[in-house]
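In: can you look at this prediction? I've put the sequence above it.
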Amino acid sequence: MSGNPGSTVRFVYRHGVSMLTVSVLICLLSGCQSTREAMIAEGYPAPFVDGFEAGCSSGRQAAGALSDFRKDVPRYLQQPLYAQGWDDGFRQCQAALESAIERELHDSDRRDREWRRHVDQAMAKALRSS
């Protein structure tokens, strides 16, 4: 995934804006400390982090990545923190991957248009020369 590191990433939930998303995505993309370690360091409880990791994997899978769909349904139904973490992880990671795919498609379309314009200009120049 390539992206503009200077861009601001925001995800809005029913509980407000999560700035953790920025640090988690940066860690995922840059290979620094694990998502789990980052979230624990931010003070998130272990059940939330477990749910977030499972939901994130599932969200990437839903967006088309070769990830596993993971959801501990009994735990999801019995532990509100796990359920909230799973829901947040699913939405954030699905949205992030879909956004990255959309950017790549947009960049690919732009490159195709530039190539087509170059070919058209070269053809016009060749025809004027003859």
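Out: Arrived safely.

In: next up, the contacts around residue 59.
Out: 89, 90, 91, 92, 93, 94, 95, 97 (Cβ atoms under 8 Å, 6 or more residues apart in numbering). Where you see a C-beta, it was placed from the backbone N, CA and C, and this is true even at glycine.

In: those residues in helices, which ones?
Out: 89, 90, 91, 92, 93, 94, 95, 97 (DSSP state H).

In: burial count for the first one?
Out: The one in question is residue 89. Using other Cβ atoms under 10 Å, residue 89 has 27 other residues around it.

In: mind pulling up the pLDDT for it?
Out: Per-residue pLDDT puts residue 89 at 92.

In: ok, it to residue 40 distance?
Out: 14 Å (Cβ to Cβ, to the nearest Å).

In: re the thing from before, want to try JSON lines for the contacts of residue 59, with distance to residue 126 as columns?
Out: What follows is the contacts of residue 59, written out as JSON lines (distance: Cβ to Cβ, whole Å):
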{"residue": "89", "distance to residue 126": "55"}
{"residue": "90", "distance to residue 126": "54"}
{"residue": "91", "distance to residue 126": "52"}
{"residue": "92", "distance to residue 126": "51"}
{"residue": "93", "distance to residue 126": "49"}
{"residue": "94", "distance to residue 126": "48"}
{"residue": "95", "distance to residue 126": "47"}
{"residue": "97", "distance to residue 126": "43"}
